[in-house]
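**Student:** Structural data only, the sequence is not supplied:
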């Protein structure tokens, strides 16, 4: 099944913007990710000191993909996370708002029939109600200008009884860990970015967006407000990352 292109917020952007800011204007964020798409996976591995593979594995376990499932992987980037889900036999829609990311992803996943790339706006998903057995987004919710709208959209397209998994940077609960982590974001990460990324300036936004993002309890409450039940979270890497889960209630529950 092929999906239409999103109706708003995703016009191809050809300006010179190479760095988004916390206003998270869709064109600027999309352009930024277009410009870092070529070396995106390599840069993630360097910046996470290899932990990205552990976080991805934890996300796959939480989603629990099953043969025949239809899964939406929002903010899928180059589709690395989508391929991990599809390896379990699910058909995965790898949705992203960056044409550059999708182009790289299509090359990397060429021949993988269980991964389908779709350009999509997280606040206006081009999918039917109750379409997916599971929805997931990794390190992308904080890049959407209104995460509340995105959560409502994820709820809409999830089947009753379906599951949501969000993997996102968070706030380490231990003060010492939190202090050390912010030192890394402010002092160490910029140096690593210069070595690993094709556009080091763009990654200034990464640290800013992480520091501005709310804590675990706040995101859990946002999910409940969107309608999800049985919401819970698990800290990964001492709370640097948190894995949130929930269920879309069945009718009458």
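**Tutor:** Perfect, thanks for sending it. Note that the coordinates shown come from a computational prediction; the quantities given were computed from them, not determined experimentally.
**Student:** Now the residue lying closest to residue 182 once chain neighbours are set aside, what are its backbone angles?
**Tutor:** Setting aside the residues directly before and after it, residue 182 is nearest to residue 211 in space (C-beta to C-beta, 6 or more residues apart in numbering), at 6.8 Å. In this view, the C-beta of every residue, glycine as well, is placed from N, C-alpha and C. Per-residue torsions, residue 211: phi -70, psi -30 (degrees, to the nearest 10).
**Student:** and the gap between residue 211 and residue 82?
**Tutor:** 28 Å (C-beta to C-beta, to the nearest Å).
**Student:** What of residue 191?
**Tutor:** 31 Å.
**Student:** re the thing from before, residue 189 is in contact with the residue nearest to residue 182, correct?
**Tutor:** No. At 11.4 Å, residue 211 does not count as touching residue 189 under the criterion of C-beta atoms under 8 Å.
**Student:** These two: which is more packed in?
**Tutor:** It is residue 189, of residue 211 and residue 189, that has more neighbours when counted by other C-beta atoms under 10 Å, with 18 against 14.
**Student:** where does that one fall, phi/psi-wise?
**Tutor:** The phi/psi pair for residue 189 (degrees, to the nearest 10) reads phi -60, psi -40.
**Student:** Residue 147 contacts residue 221, doesn't it?
**Tutor:** No. Under the criterion of C-beta under 8 Å, residue 147 makes no contact with residue 221, lying 12.0 Å away.
**Student:** okay, those two: which has more neighbours?
**Tutor:** residue 147 (24 against 12).
**Student:** Setting the sequence-adjacent residues aside, check what's closest to the more buried one.
**Tutor:** residue 141 (5.1 Å).
**Student:** Repeat that for residue 161.
**Tutor:** residue 250 (4.9 Å).
**Student:** Could you verify that the one you found is part of a helix?
**Tutor:** No. Assessed with DSSP: H, G, I helix; E, B strand; the rest coil, residue 250 is coil; it does not lie in a helix.
**Student:** Any chance you could list what contacts stretch 135-144?
**Tutor:** Identification of contacts with stretch 135-144 by C-beta atoms under 8 Å, 6 or more residues apart in numbering yields 20, 24, 29, 55-56, 59, 63, 71-75, 77, 81, 85, 122-123, 147, 150-151, 154, 157-158, 162-169, 209-210, 212-213, 219.
**Student:** Dihedrals phi and psi, residue 159?
**Tutor:** Residue torsions, per degrees, to the nearest 10, at residue 159 are phi -70, psi 150.
**Student:** same deal with residue 231?
**Tutor:** Dihedral angles (degrees, to the nearest 10) for residue 231: phi -80, psi 130.
**Student:** ok, it - how many residues close by?
**Tutor:** 18.
**Student:** before we move on, what about residue 235?
**Tutor:** Neighbours around residue 235, by other C-beta under 10 Å: 16.
**Student:** Identify the bridge partners of it.
**Tutor:** residue 242 (DSSP bridges).
**Student:** List the residues that contact it.
**Tutor:** Counting by C-beta under 8 Å, 6+ apart, residue 235 has contacts 170, 172-173, 216, 241-243.
**Student:** Could you double-check that residue 153 sits in contact with residue 123?
**Tutor:** Yes. Between residue 153 and residue 123 a contact is recorded at 6.3 Å, counting by C-beta under 8 Å.
**Student:** The helix or strand where residue 94 lies: what's the following helix or strand?
**Tutor:** Element membership of residue 94 [criterion: DSSP states H and E] is strand 91-96. Beyond strand 91-96 in the direction of the C-terminus, DSSP H and E gives the next helix or strand as helix 99-108.
**Student:** name the helices or strands packed onto that following helix?
**Tutor:** helix 26-36, strand 91-96, strand 115-119 (3 or more C-beta pairs under 8 Å, 6 or more residues apart in numbering; DSSP states H and E).
**Student:** And the strands in this protein, which stretches?
**Tutor:** Under the criterion DSSP state E, strands of the chain are mapped to 70-74, 91-96, 115-119, 132-138, 158-169, 229-236, 241-247.
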